[in-house]
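Enquirer: Requesting a structural model of the entry that follows:
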Amino acid sequence: MPLIPNKPVPAMELSVAGGGRYSLVAEKPQQFTMVVFYRGLHCPICRRYLSELEALLPDFEKRGVSVIAASSDPQDRAEQAKSGWGLNNLRVAHGLSIEDARKWGLYVSRSNGMTSAGVVEPDLFNEPGLFIVRPDGTLYWGTTSTMPFGRPHFKEILQSLDFVIPKNYPARGDA
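Expert: Purely as a prediction, here's the structure:
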């Protein structure tokens with residue numbers, strides 16, 4: 001079942017590559033938290049997507065948006081993605097359970113074996129999703145995909161934030 005705007009999102013507490021823990025409830029952004037669920041180390045599209053996000057982190061910070069990327073990958077694969085993909089500033093959380101992925105409304109896939117990146121897919125893993133969460137833990141904006149393709153563009157999200165923040169634009173889709 002999809003998450004509903006203006007309603008609480010599921011709890012999220014995960015370990016972070018490089019050490020430490022992440023707790024969504026402990027985040028206190030000025031405007032929003034953007035949670036970007038990626039498929040994992042095996043996904044070459046995720047590599048490009050998160051690399052683009054890494055470059056735009058200062059732009060999100062200027063708008064009062066904290067950012068976390070998360071996947072069902074275990075620690076070793078998340079560490080490999082963080083270092084191998086050059087994600088020096090992006091927080092990369094790992095260990096999202098399949099049950100918790102489903103609570104977020106993420107689709108789950110089975111392994112097809114080796115990918116074009118030369119990395120074997122896990123037996124089960126989450127597909128992409130992007131959620132913008134208010135500081136009170138309610139959903140403002142969300143999108144999921146059944147495929148690695150067709151994700152929201154971060155530059156368009158930034159442009160949208162420039163529109164919605166000053167206008168206090170309401171969340172949509174809760175009727």
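
Enquirer: Spatially, which residue comes closest to residue 133, not counting chain neighbours?
Expert: residue 33 (4.7 Å; Cβ to Cβ, 6 or more residues apart in numbering). In this view, the C-beta of every residue, glycine as well, is placed from N, C-alpha and C.

Enquirer: Now do the phi/psi pair for that neighbour.
Expert: Per-residue torsions, residue 33: phi -110, psi 130 (degrees, to the nearest 10).

Enquirer: Same check on the one 5 residues further on?
Expert: When read as degrees, to the nearest 10, the backbone of residue 38 gives phi -120, psi 160.

Enquirer: For it, list the residues it contacts.
Expert: The contact partners of residue 38, by Cβ atoms under 8 Å, 6 or more residues apart in numbering, come to 46, 49-50, 69-71, 128.

Enquirer: if you look at these, which of them are in strands?
Expert: Taking DSSP state E as the definition of strands, these contribute 69-70.

Enquirer: quick one: which of the contacts of residue 38 is nearest to residue 142?
Expert: residue 128 (11.7 Å; Cβ to Cβ).

Enquirer: State the number of residues packed around that closest one.
Expert: Other residues within reach of residue 128, judged by other Cβ atoms under 10 Å, total 25.

Enquirer: isn't the residue nearest to residue 133 right up against residue 132?
Expert: Yes. Residue 33 is in contact with residue 132 according to Cβ atoms under 8 Å; the separation is 7.4 Å.

Enquirer: So the residue positioned nearest the centre of the chain: helix, strand or coil?
Expert: Against the mean C-alpha coordinate of the chain, by Cα atoms, centre = their mean, the closest residue is residue 36 at 1.1 Å. Residue 36 falls in the strand class when you classify it by DSSP: H, G, I helix; E, B strand; the rest coil.

Enquirer: So what sits opposite it in the bridge?
Expert: Listed beta-bridge partners, residue 36: residue 69, residue 130 (assigned using DSSP bridges).

Enquirer: Give me the pLDDT for it.
Expert: Predicted confidence (pLDDT) for residue 36: 98.

Enquirer: Next up, the contacts around it.
Expert: 49-50, 53, 67-70, 128-130.

Enquirer: Type out the PyMOL command that picks the buried ones from the residues you listed.
Expert: To isolate the buried members of the contacts of residue 36 in PyMOL, using 16 or more other Cβ atoms under 10 Å:
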select buried, resi 49+50+53+67+68+69+70+128+129+130
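
Enquirer: Identify all contacting residues around whichever helix in the chain runs longest.
Expert: For the chain, the longest helix by residue count, based on DSSP state H, is helix 44-62. Residues from elsewhere that reach helix 44-62 (Cβ under 8 Å, 6+ apart): 34, 36, 38-40, 66-67, 69, 71, 81, 85-90, 92, 115-117, 128, 148-149, 151, 154-155, 158, 161.
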